[in-house]
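>>> show me how the following folds:
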Amino acid sequence: MELCGILQTIHNVNDLPPLFSTPPLLSIFHPLCRTTPAARLRGISPKGAILTAIAGFDVDNAKAFSYNTIMKKNIHMLVTDLDGTLLHSDKSISDYTVSVFQRCREKGIKIVFATGRPERTAVGFAQAIPPDGVVSNNGAGASVDGQAILRKDVPPAAVTAIMEQLLAVDGIKLSLDYGGYSLTNCEDHAGWGAWNAIFSDLTEYDPNGVPKISIEAMEPSLLAGVNFEALGCHVYANQGEKWHMVQEKSATKRSAVEAVAAHFGIALSDVVAFGDDQNDIEMLRACGTGVAVANAIDEAKDAADFVCGTNDDDGPAHWIEENLL
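Next up, the predicted model:
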């Protein structure tokens with residue numbers, strides 16, 4: 001019983017008590033919690049995996065234990081990534097997913113989008129699922145009920161340095177986001193209507209007020225000459241794409257979700273987050289319950305407490321219905 005009491009306080013591997021965090025034990029628990037393919041496929045959390053290892057529970061009982069203990073918490077906010085997570089691959093949202101999120105809203109659960117997109121490109125999805133808050137540009141911006149509560153721009157000197165170093169490099173296209181529109185030398189990008197992108201050779205641009213720089217690099221090595229960290233920035237790479245997103249170093253989905261949760265007076269421990277890619281990892285770790293979709297990168301699955309179905313199978317909605325409704 002004492003063991004069960006300890007396990008009920010564990011949200012992820014980082015929460016293991018010192019006794020369990022010694023190298024011999026951690027070498028056993030960490031693989032069980034994070035990297036066992038069978039556990040991922042069955043949706044077993046770290047708690048369930050640890051209980052299975054220590055107490056000899058079978059897989060189904062461990063899964064039931066993990067779901068029941070975690071879901072006893074009061075969940076007050078759902079945070080979901082869009083592309084690759086909530087949205088189908090064709091960028092649609094199913095009627096089933098809409099209905100599940102509507103039921104969450106009826107229970108008083110706040111709904112927040114957390115996306116790498118500019119906010120203007122997320123509003124179309126708000127017609128199907130109206131969010132209470134939007135985290136945009138990977139955490140460089142956040143709004144609640146349409147009102148901005150956070151904005152972190154790339155330092156102007158960094159914008160200038162990056163543009164000077166990369167504009168002359170063959171195989172690279174650049175886009176500067178300004179919140180309401182973007183300036184780009186990528187003709188394909190300029191054709192995306194919802195992005196309000198203006199085609200330009202970028203010989204003239206304003207380095208101020210840029211929350212995100214998007215870089216299409218045919219080879220990642222083309223970016224090797226830029227010391228983004230020294231410029232006060234970090235870079236996210238999009239799964240399966242050639243686009244890289246440059247942000248001010250403290251702009252993350254995690255920090256922006258914290259700001260939105262604080263605005264509502266909600267503790268991160270009472271938040272469930274869904275994601276699939278590199279820019280979701282910190283958010284999945286920080287929130288009380290992190291859920292990666294089955295099509296997520298391995299690093300996101302490792303950071304999550306649960307793995308649900310794929311985005312095209314309405315994985316987040318099914319997980320919500322099974323565990324929260």
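
>>> would you mind naming the residues that bridge with the residue nearest to Val246 when sequence neighbours are not counted?
Distance criterion Cβ to Cβ, 6 or more residues apart in numbering; nearest residue to Val246, sequence neighbours excluded, is Ile213 at 4.1 Å. For every residue, glycine as well, the C-beta is placed using N, CA and C. Note on Ile213: beta-bridge partners Leu176, Val246, judged by DSSP bridges.

>>> my guess is Ile213 contacts Pro156. True?
No - contact criterion Cβ atoms under 8 Å: Ile213 and Pro156 do not qualify, at 11.8 Å.

>>> more neighbours: which of those two?
Between Ile213 and Pro156, counted using other Cβ atoms under 10 Å, Ile213 has the larger neighbour count: 23 against 13.

>>> ranges for the helices of the protein?
2-7, 23-34, 37-42, 46-55, 59-71, 95-106, 123-126, 156-166, 187-190, 253-264, 281-286, 298-303, 315-323 (DSSP state H).

>>> quick one on the thing from earlier: residue contacts, the residue nearest to Val246?
By Cβ atoms under 8 Å, 6 or more residues apart in numbering, the residues touching Ile213 are 154, 159, 162, 174-177, 245-246.

>>> tell me the buried residues within the residues you listed.
154, 159, 162, 174-177, 245-246 (16 or more other Cβ atoms under 10 Å).

>>> dump those to TSV, plus distance to Asn311 and pLDDT.
Below are the buried ones among the contacts of Ile213 laid out as TSV (distance: Cβ to Cβ, whole Å; pLDDT from 0 to 100):
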residue	distance to Asn311	pLDDT
Val154	29	96
Val159	33	96
Ile162	31	94
Leu174	28	91
Ser175	24	91
Leu176	29	93
Asp177	24	93
Met245	19	90
Val246	25	94
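
>>> JSON lines please, covering these and showing distance to Gly315.
Compiled in JSON lines, the buried ones among the contacts of Ile213 are given as follows (distance: Cβ to Cβ, whole Å):
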{"residue": "Val154", "distance to Gly315": "33"}
{"residue": "Val159", "distance to Gly315": "37"}
{"residue": "Ile162", "distance to Gly315": "36"}
{"residue": "Leu174", "distance to Gly315": "34"}
{"residue": "Ser175", "distance to Gly315": "30"}
{"residue": "Leu176", "distance to Gly315": "34"}
{"residue": "Asp177", "distance to Gly315": "29"}
{"residue": "Met245", "distance to Gly315": "24"}
{"residue": "Val246", "distance to Gly315": "30"}
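
>>> which among those gets closest to Tyr205?
Nearest to Tyr205 among the buried ones among the contacts of Ile213, counting by Cβ to Cβ, is Leu176 at 5.8 Å.

>>> pretty sure the closest one is touching Val210, no?
Yes - counting by Cβ under 8 Å, Leu176 touches Val210, with 5.2 Å between them.

>>> which neighbours do the two have in common?
Val159.

>>> still on that earlier bit, and which of the contacts of Ile213 is nearest to Val271?
Nearest to Val271 out of those is Met245 (Cβ to Cβ; 23.2 Å).

>>> now do the contacts for that closest one.
116, 137-138, 212-215, 235-238, 279.

>>> quick check, Val144 in contact with Pro131.
No - applying Cβ under 8 Å, one finds Val144 not in contact with Pro131, separated by 9.3 Å.

>>> settle it for me: which of those two has more neighbours?
Set Val144 next to Pro131 and count neighbours by other Cβ under 10 Å: Pro131 wins out with 25 against 18.

>>> for that one, report the pLDDT, please.
Pro131 is assigned 96 on the pLDDT scale.

>>> list the contacts of it.
Residues near Pro131 by Cβ under 8 Å, 6+ apart: 111-113, 122.

>>> 10 Å instead?
Pro131 makes contact with 78-80, 101, 105, 110-114, 122-123, 125, 143-146, 260, according to Cβ atoms under 10 Å, 6 or more residues apart in numbering.
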